[in-house]
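**Student:** need a 3D model of the sequence below.
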Amino acid sequence: MPEPAPDPRLQSLINQIRPGPVRTVEVIGFDGADVLVKPVDAEGESAEIGRIPRHEASMRRVEHPSELFEIGQEINAEEIGRWGEGQLRLSARACEIPALRSFLLAMERGQVVTGIVAAVHDFGVFVHLDGEPDGLCTGFIRVPDLTWSRIDHPSEAVEAGQRIMAEVIVAETRSGQVALSLKALQEDPLMRFEGQVGHVVTGPITKIIHFGVFVQLAPDVEGFLHLSELTDEPVETPDQLVGEGEPITVRVAEVDLQRHRVRLTVANKDVD
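**Tutor:** Here you go, the predicted model:
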């Protein structure tokens, strides 16, 4: 079966955070908590003035960037774009630890890496990647990138101390992290379900939300049935009609591989 098309929104985000070119700049002053700099190869009064926003000054927490930089100091900074008026913006934190930057630049999208789970939190999983600089933790897996299965907490997918293999989504020099995906190395269960459009399936209701219900169709495959499909009568929530765990017979109306979702209709309605 063909691979699902890449999500254009994800690709746009990746393009925005890819490492930019490095400039050597001279600190010429401060504007509030921002650092004003001038490229060292610039000459004359018309030389372009750049700006390092406060949050791009360092990975360390300081009250003011003057604790880090002095007027006349030369530093390396990564180009990250321009303000609306065209002023150059840079990130000093992206170049702050040369060993970390070198490690991150060696990472390529789609590369398979290994490491050990360092910590599991509600919002995601931190991973010590093999070869990363000592004292740092560079890998991070968002909850949606852990597994194709629906889980209530990341601890259902991995645990601290576990050795894992994951695919690189993007290496971010400004955050000092590598965004990873575990599920990219797992078969998408919907790939095997794509040809089921029009089929009638009976499965248990796994979750009820305000405007519909989720139904288990196969291992690791759930479909969504909108409230309007359940009844023509005015009801506020689906639990007035059905309960979790209750079997229901539905028809597969659509399998969307890109959005990873299955739309359902009741079995006695025609597929649009």
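
**Student:** could you measure from Val252 over to Met191?
**Tutor:** Remark: distance between Val252 and Met191 (C-beta to C-beta, to the nearest Å) = 15 Å. In short, each C-beta sits where N, CA and C put it, glycine included.

**Student:** who has more neighbours out of those two?
**Tutor:** Higher neighbour count among Val252 and Met191: Val252, with 22 against 14, using other C-beta atoms under 10 Å.

**Student:** quick check: that one touching Val221?
**Tutor:** No: applying C-beta atoms under 8 Å, one finds Val252 not in contact with Val221, separated by 10.0 Å.

**Student:** and for those two, which residues touch both?
**Tutor:** Common neighbours of Val252 and Val221, counting by C-beta atoms under 8 Å, 6 or more residues apart in numbering, are 193, 262.

**Student:** where along the stretch 1-150 of the chain do the helices fall?
**Tutor:** Remark: helices assigned in the stretch 1-150 of the chain by DSSP state H, counting those that start in this stretch are 8-17, 98-105.

**Student:** least reliable of those by average pLDDT, please.
**Tutor:** Sorting the helices of the stretch 1-150 of the chain by mean pLDDT places helix 8-17 lowest, at a mean of 53.

**Student:** can you tell me which residues contact the closest residue to Ser66 other than its chain neighbours?
**Tutor:** In space, and not counting its chain neighbours, Ser66 is closest to Phe30: 6.0 Å by C-beta to C-beta, 6 or more residues apart in numbering. Residues in contact with Phe30 (C-beta under 8 Å, 6+ apart) are 36, 64-66.

**Student:** which among these count as buried?
**Tutor:** When the contacts of Phe30 are checked for burial by 16 or more other C-beta atoms under 10 Å, the buried set is 36, 65.

**Student:** in strands, which of the contacts of Phe30 fall?
**Tutor:** Within these, residues falling in strands by DSSP state E are Leu36.

**Student:** and which of the contacts of Phe30 is nearest to Leu185?
**Tutor:** For the contacts of Phe30, the minimum distance to Leu185 (C-beta to C-beta) is 40.9 Å, reached by Pro65.

**Student:** so who does the closest one touch?
**Tutor:** 30, 33-35, 52, 54, 57-58.

**Student:** equivalent analysis for Phe193, please.
**Tutor:** Taking C-beta under 8 Å, 6+ apart, we find Phe193 in contact with 217-218, 221, 252, 255, 262.

**Student:** okay, and the beta partners of the residue nearest to Ser66?
**Tutor:** Beta-bridge pairing for Phe30 (DSSP bridges): Val35.

**Student:** pLDDT at it, what is it?
**Tutor:** Per-residue pLDDT puts Phe30 at 96.

**Student:** so where do the strands sit in the stretch 51-200 of the chain?
**Tutor:** Here the stretch 51-200 of the chain has its strands, by DSSP state E, counting those that start in this stretch, at 74-82, 88-91, 112-121, 124-129, 139-142, 163-172, 177-181, 200-209.

**Student:** ok, now how distant is Arg18 from Glu172?
**Tutor:** Applying C-beta to C-beta, the value for Arg18 to Glu172 is 9 Å.

**Student:** cool, Arg192 as well?
**Tutor:** Per C-beta to C-beta, Arg192 is found 34 Å from Glu172.

**Student:** now swap in Ile116 and tell me
**Tutor:** The spacing between Ile116 and Glu172, counted by C-beta to C-beta, is 20 Å.

**Student:** neighbour count winner among these two?
**Tutor:** Neighbour count, other C-beta under 10 Å: between Ile116 and Glu172, Glu172 has more, with 19 against 15.
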